[in-house]
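Engineer: following is a predicted model, sequence given first.
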Amino acid sequence: MDNLTFPNLLTYWSSSQVEANVLILLNTLGGLLLGTIVGYERSYHGRAAGIRTYGLVCMASSGLTAIVGFPHFWYGGAFPLGVMTDPTRVIQGIVTGIGFLGAGVIMKEGFNISGLSTAASIWTSSVIGVICGSGFYLAAIMITLVASASMILGGWIENLLPSRHAAAVILTFEQGCSPSEQDLKMMAASLGYRLAEGSTSIYFKDGCTEWHVIFLATTSKQVSIPNLANGLSQHKGLHAYQVAFARN
């Protein structure tokens, strides 16, 4: 237990160690900012992976890459890495294994995908554990706080920012009624939506034509499923319809 001495413990909080932690944190915050920008582009188009998912993944990746650049400060700098020691191989195994765990919480139901932010937070937690285990305690603590704030405020920020959401619509027309794609486009436009490119599927069942389409909001308004359903009910020729959020 000679290593468990007060001077050795202090090395984790020495001035040079704190400076290394601050540099790691700055790199991590830069990754969070840039990842959030990319995530907003996806969120704007109604995708399931948005600000929180992209921000967390980019932030964790930045932090993991940054600690590799400070090998002399691992474990407080009091225990130099041996010639045969390669902690990056351990890190590789951890983040790969956690990736499979995160995949288990991603669920797909129809046009909706859920659990992406949870999977990203699990992977981020593993990265925080790696950084903490490497001895960069200050960076690990701050990244934990930043990640928690991102998960708490990310959804709120997404709701504040302009975005174009989507709805999955199934339209069953009455027998003898066979609309064209232009008719569907006009219907969508009258409700404030447009058809998503490449989203159309047509089925014929029991003498009725059934269209499966994605409606994209033409403005930055929130999709209201009751309002959309009420608008569809006003159109003649519809035998039945089904409306749900689409986030994929």
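Structural biologist: Cool, got the structure. Residues are numbered from 1 along each chain as shown.

Engineer: list the buried residues of the lengthiest helix in the chain.
Structural biologist: For the chain, the helix with the greatest residue count under DSSP state H is helix 15-44. Within helix 15-44, the residues scored as buried using 16 or more other CB atoms under 10 Å are 17-18, 20-21, 24-25, 27-29, 31-32, 35-36, 38-40, 42-44. All C-beta atoms are positioned from the backbone trio N, CA, C, and that covers glycine.

Engineer: count the residues that sit near Ile214.
Structural biologist: Using other CB atoms under 10 Å, Ile214 is surrounded by 21 other residues.

Engineer: now stretch 225-233: buried residues?
Structural biologist: For stretch 225-233, the neighbour count (16+ other CB under 10 Å) marks Leu228, Gly231, Leu232 as buried.

Engineer: in strands, which of the residues you listed appear?
Structural biologist: If you go by DSSP state E, those have nothing in strands.

Engineer: wouldn't Thr56 be in contact with Ala120 here?
Structural biologist: No Thr there; residue 56 is Leu. Yes - using CB atoms under 8 Å, Leu56 is in contact with Ala120, at 4.1 Å.

Engineer: of these two, which one has the most company?
Structural biologist: Leu56 (30 against 27).

Engineer: which SSE is that one in?
Structural biologist: helix 51-68 (DSSP states H and E).

Engineer: could you identify the helix or strand that succeeds that helix?
Structural biologist: Immediately after helix 51-68, counting by DSSP H and E, sits helix 87-103.

Engineer: the helix or strand following that following helix: how far from the chain's middle?
Structural biologist: Proceeding N to C from helix 87-103, the next assigned helix or strand is strand 107-109, under DSSP H and E. Between the centre of strand 107-109 and the centre of its host chain there is 15 Å, according to CA atoms, centre = their mean, to the nearest Å.

Engineer: with stretch 118-135 instead?
Structural biologist: 16 Å.

Engineer: stretch 15-25 now?
Structural biologist: For stretch 15-25, the distance to the chain centre is 28 Å (CA atoms, centre = their mean).

Engineer: how about stretch 157-173?
Structural biologist: 17 Å.

Engineer: got the buried residues for that stretch?
Structural biologist: So stretch 157-173, judged by 16+ other CB under 10 Å, has buried residues 157-158, 163-173.

Engineer: now for these: which two are most distant?
Structural biologist: Distance extremes for the buried residues of stretch 157-173: the farthest pair is Ile157 and Phe173 at 40.5 Å, using CB to CB.

Engineer: residues contacting the residue positioned nearest the centre of the chain?
Structural biologist: Of all residues in the chain, the one closest to the mean position by CA atoms, centre = their mean is Thr53, 2.1 Å from it. Applying CB atoms under 8 Å, 6 or more residues apart in numbering, we find Thr53 in contact with Gly39, Leu116, Ser117, Ala119, Ala120.

Engineer: show me which of the buried residues of stretch 157-173 is closest to Ala149.
Structural biologist: Distances from Ala149 to the buried residues of stretch 157-173, taken by CB to CB, are shortest for Ile157, at 10.6 Å.

Engineer: ok, back up a step: how about the helix holding Leu56: buried residues?
Structural biologist: By 16+ other CB under 10 Å, the buried positions in helix 51-68 come out as 51-64, 66-67.

Engineer: closest to Trp211 out of those residues?
Structural biologist: Thr53 (30.8 Å).

Engineer: quick one: low-confidence parts of the chain?
Structural biologist: For the chain, the stretches flagged by pLDDT under 70 are 1-9, 46, 77-85, 110-112, 220-223, 248.
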